[in-house]
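In: structure here, sequence nowhere to be found:
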Ligand code: MG
């Protein structure tokens, strides 16, 4: 079997499809890519055509090394390659008639635990999330519009802003109760002493983690925050490849890492990052803002590693999310929701076990051809 073409589609997400001379195809999703990634893929697909699609790691490394001078160390280039990589895994699973997790070494678990990213939360929203069965939620506490802030650019926290954050976390904790996991995101928008203040002030609320109290580029600053507090610290959604996580892990600068698998390198790379973290006893809580296809791709990695904690789900209240794709042979039927009681049951169909709902996606593009 040889690769004959790679095409992309932008409709309800960014999708990548690999075509072969045997008629078999594989489909992947990449996030934060869009037009930039589509152009990158157009520019490099000749490197894949004629190749054996089952040599996934070799093809990834071939393209990455060939484009190092064009920026393939991180960013959009890696994300474009990630989309191809995930499509290749789907294709490989279909070619060998096994689910992708089998090719990643098998599964540690059948269901993947999700946390609901809520942004802001109140009693009503908390009630809804808990009634859906979630046992973990995340809220945001950075607020560019907070009148207590010094100005738009300064990253130092004021006493008023700190108090507003503590009040917000206290009311979230009260709304969800003591037995539900609570993560809190600061989006890397504070300086080191401010990060320390917040992390220490939130210690009474038993957080699952405090996310990016400082920006992720300076590992030593992250380590300083971690060492100052009992609140677990988490980062990683904007890091790429194993190399992006090396310093963070070697210095044990965080308690939890959160690679975005459909962005940072794909399934092989996600698993390698998880394995690196495992030897430091650091769990993985992948960042995820993908549609169902990218989410299921992440689930195959989450199933295949021991140190999985929880996977993000970012589409609370989005009625289209479930319509974008159809699972092939879940334990549940296709008409049942993908997410049940806060978990995704790992699909056991060949490949990723999920297909795009192309009729629905064509509605989003007024009937235009999806892949070109
Ligand atoms: Mg975040």
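Out: Great, that's in hand. None of these values were measured; they are calculated from a predicted model.
In: contacts only, for the closest residue to residue 22 other than its chain neighbours.
Out: In this structure, residue 22 finds its nearest non-sequential neighbour in residue 1, 4.9 Å apart by Cβ to Cβ, 6 or more residues apart in numbering. For glycine as for every other residue, the C-beta is placed from the backbone atoms N, C-alpha and C. By Cβ atoms under 8 Å, 6 or more residues apart in numbering, the residues touching residue 1 are 20, 21, 22, 24, 52, 53, 54, 95.
In: run through the residues that contact whatever residue of the stretch 151-300 of the chain ends up closest to the ion.
Out: Scanning the stretch 151-300 of the chain for proximity to the ion using Cβ to the ion identifies residue 185 as nearest, at 4.4 Å. For residue 185, the contact set (Cβ under 8 Å, 6+ apart) comprises 138, 139, 140, 141, 142, 211, 212.
In: just the residues you listed now: which is nearest residue 232?
Out: Using Cβ to Cβ, the shortest approach to residue 232 within the contacts of residue 185 belongs to residue 211, at 9.8 Å.
In: so what pairs up with that closest one in the strands?
Out: Beta-bridge partners for residue 211, by DSSP bridges, are residue 185, residue 234.
In: any idea how far it is from residue 247?
Out: 18 Å (Cβ to Cβ, to the nearest Å).
In: out of the two, which sits in the more crowded spot?
Out: residue 211 (27 against 15; other Cβ atoms under 10 Å).
In: which ones are touching that one?
Out: Shown in contact with residue 211 (Cβ under 8 Å, 6+ apart): 138, 183, 184, 185, 186, 187, 233, 234, 235, 258.
In: quick check: the last one touching residue 232?
Out: No - judged on Cβ atoms under 8 Å, residue 258 makes no contact with residue 232 at a distance of 11.7 Å.
In: okay, those two: which has more neighbours?
Out: Neighbour count, other Cβ under 10 Å: between residue 258 and residue 232, residue 258 has more, with 27 against 18.
In: which residues does the more buried one contact?
Out: 211, 234, 235, 236, 237, 284, 285, 286, 287, 312.
In: mind doing that once more with 10 Å?
Out: 183, 185, 209, 211-212, 234-239, 264, 283-288, 309-312 (Cβ atoms under 10 Å, 6 or more residues apart in numbering).
In: same check, this time on residue 240
Out: So residue 240 contacts 72-79, 82, 259-260, 263-265, 269, 273 (Cβ under 10 Å, 6+ apart).
In: just the ones of those residues in helices?
Out: Using DSSP state H, 76, 77, 78, 79, 82, 263, 264, 269, 273 are the members of these that sit in helices.
In: for the second one, which non-adjacent residue is spatially closest?
Out: Taking Cβ to Cβ, 6+ apart, and ignoring the residues beside it in sequence, residue 77 has residue 71 as its nearest neighbour in space, at 5.0 Å.
In: equivalent analysis for the third one, please.
Out: Here the nearest residue to residue 78 in space, its sequence neighbours aside, is residue 240; by Cβ to Cβ, 6+ apart that works out to 4.6 Å.
In: quick check: neighbours shared by residue 258 and residue 232?
Out: Common neighbours of residue 258 and residue 232 (Cβ under 10 Å, 6+ apart) are 183, 209, 211, 283.
In: by neighbours, which of those residues wins?
Out: That'd be residue 211 among the shared contacts of residue 258 and residue 232, by other Cβ under 10 Å, with 27 neighbours.
In: which bits of the protein sit near the ion?
Out: 185, 211 (Cβ under 5 Å from the ion).
In: next SSE after the worst-scoring helix or strand of the chain on mean pLDDT?
Out: The weakest-scoring helix or strand in the chain, judged by mean pLDDT, DSSP states H and E, is strand 325-327 (a mean of 83). Downstream of strand 325-327, the first helix or strand assigned by DSSP states H and E is strand 339-340.
In: helices or strands up against that following strand?
Out: strand 111-119 (3 or more Cβ pairs under 10 Å, 6 or more residues apart in numbering; DSSP states H and E).
In: so how far is residue 318 from residue 116?
Out: Residue 116 is 12 Å from residue 318, where distance means Cβ to Cβ.
In: who has more neighbours out of the two?
Out: Set residue 116 next to residue 318 and count neighbours by other Cβ under 10 Å: residue 116 wins out with 25 against 11.
In: ok, the more buried one touching residue 131?
Out: No - using Cβ atoms under 10 Å, residue 116 is not in contact with residue 131; the gap is 11.4 Å.
In: re the thing from before, okay, and which of the contacts of residue 258 map to strands?
Out: Those of the contacts of residue 258 mapping onto strands are 183, 185, 209, 211, 234, 235, 311, 312, per DSSP state E.
In: and which of the residues you listed is nearest residue 154?
Out: residue 185 (19.7 Å).
In: give me the residue at the spatial middle of the protein.
Out: residue 288 (2.7 Å; Cα atoms, centre = their mean).
In: do I have it right that that residue meets residue 295?
Out: Yes - using Cβ under 10 Å, residue 288 is in contact with residue 295, at 5.8 Å.
In: mutual contacts of those two, please.
Out: By Cβ under 10 Å, 6+ apart, the residues touching both residue 288 and residue 295 are 114, 261, 262, 302, 311, 312, 313, 314, 315.
In: which among the residues you listed gets closest to the ion?
Out: Checking the shared contacts of residue 288 and residue 295 against the ion with Cβ to the ion, the nearest one is residue 312 at 8.6 Å.
In: in contact with the closest one, which residues?
Out: Here residue 312 is in contact with 114-117, 136, 138, 183, 237, 258, 260, 285-290, 295, 298 (criterion: Cβ under 10 Å, 6+ apart).
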